[in-house]
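K.L.:
take this sequence and fold it.
(one chain, ligands or ions: 1)
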Amino acid sequence: MGFISKLFGKKKGSEHHFADKPKCDVCDNSLNSSDGYVLTTEQVVLTTTYWEYVLNNQYSSLRSTENKEILFSLINQQSRQSLGWLICNICSSLFVFDKTKAKEYALKKMSPPNSGPVTPEKAAVYAFAAKNKLVKN
Ligand SMILES: [Zn+2]
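P.N.:
Alright, predicted model coming up:
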């Protein structure tokens with residue numbers, strides 16, 4: 001964890017969204033949890049548009065890197081999250097999901113029952129698809 005956490009900063013999808021000052025797990029902006037949505041790790045990391053956002057914003061240096069190990073470390077870290085992800089209204093447009101249900105979990109400050117880690121190899125398919133798309137454009 002030490003090396004990776006230094007490389008990529010704070011954990012995502014962690015307990016912090018149940019704190020007094022919750023933040024969006026994608027863009028890091030503050031929000032009221034009742035204004036957001038809670039998604040599962042699977043809903044987040046198995047989405048190409050999520051990885052496009054990540055590679056265009058927080059980790060843009062990984063967009064052009066030939067070093068697949070570094071991108072895979074990030075994929076591994078994001079896929080390992082066991083709790084739900086609090087997502088703000090703006091970032092919610094990156095995902096296709098049941099907004100009514102996801103809002104319910106945000107209001108209850110709960111992780112959806114099917115939250116939990118995803119096999120990093122599955123998420124890697126989406127992350128590398130996003131990377132390839134961005135390299136071509
Ligand atoms: Zn956001």
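
K.L.:
which positions in the longest helix seen in the chain come out as buried?
P.N.:
When the chain is parsed with DSSP state H, its longest helix is helix 120-136. Neighbour-count burial for helix 120-136, counted by 16 or more other C-beta atoms under 10 Å, picks out 120, 123-124, 126-128, 130-131, 134. The C-beta positions use only the backbone N, C-alpha and C, and glycine is treated the same way.

K.L.:
from the chain's centroid, how far away is stretch 24-38?
P.N.:
12 Å (C-alpha atoms, centre = their mean, to the nearest Å).

K.L.:
residues contacting it, please?
P.N.:
Judged by C-beta atoms under 8 Å, 6 or more residues apart in numbering, the contacts made with stretch 24-38 from elsewhere in the structure are 12-14, 17-18, 21-23, 44, 50, 53, 57-58, 84-92, 94, 97, 99, 102-103, 105-107, 109-112.

K.L.:
quote the end-to-end distance of it.
P.N.:
The separation between the terminal residues of stretch 24-38, taken as C-alpha to C-alpha, to the nearest Å, is 10 Å.

K.L.:
would you mark the buried spots in it?
P.N.:
With burial defined by 16+ other C-beta under 10 Å, the residues of stretch 24-38 counted as buried are 24-26, 31, 33, 36-38.

K.L.:
ok, and which of those reach the ion?
P.N.:
Among these, the ones lying near the ion by C-beta under 5 Å from the ion are 24, 26.

K.L.:
need the buried residues of stretch 24-38 in JSON lines (columns: distance to Asn67, pLDDT and secondary structure).
P.N.:
Compiled in JSON lines, the buried residues of stretch 24-38 are given as follows (distance: C-beta to C-beta, whole Å; pLDDT from 0 to 100; DSSP: H, G, I helix; E, B strand; the rest coil):
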{"residue": "Cys24", "distance to Asn67": "28", "pLDDT": "94", "secondary structure": "coil"}
{"residue": "Asp25", "distance to Asn67": "25", "pLDDT": "93", "secondary structure": "coil"}
{"residue": "Val26", "distance to Asn67": "24", "pLDDT": "95", "secondary structure": "coil"}
{"residue": "Leu31", "distance to Asn67": "33", "pLDDT": "92", "secondary structure": "coil"}
{"residue": "Ser33", "distance to Asn67": "36", "pLDDT": "85", "secondary structure": "helix"}
{"residue": "Gly36", "distance to Asn67": "33", "pLDDT": "96", "secondary structure": "coil"}
{"residue": "Tyr37", "distance to Asn67": "33", "pLDDT": "97", "secondary structure": "strand"}
{"residue": "Val38", "distance to Asn67": "33", "pLDDT": "96", "secondary structure": "strand"}
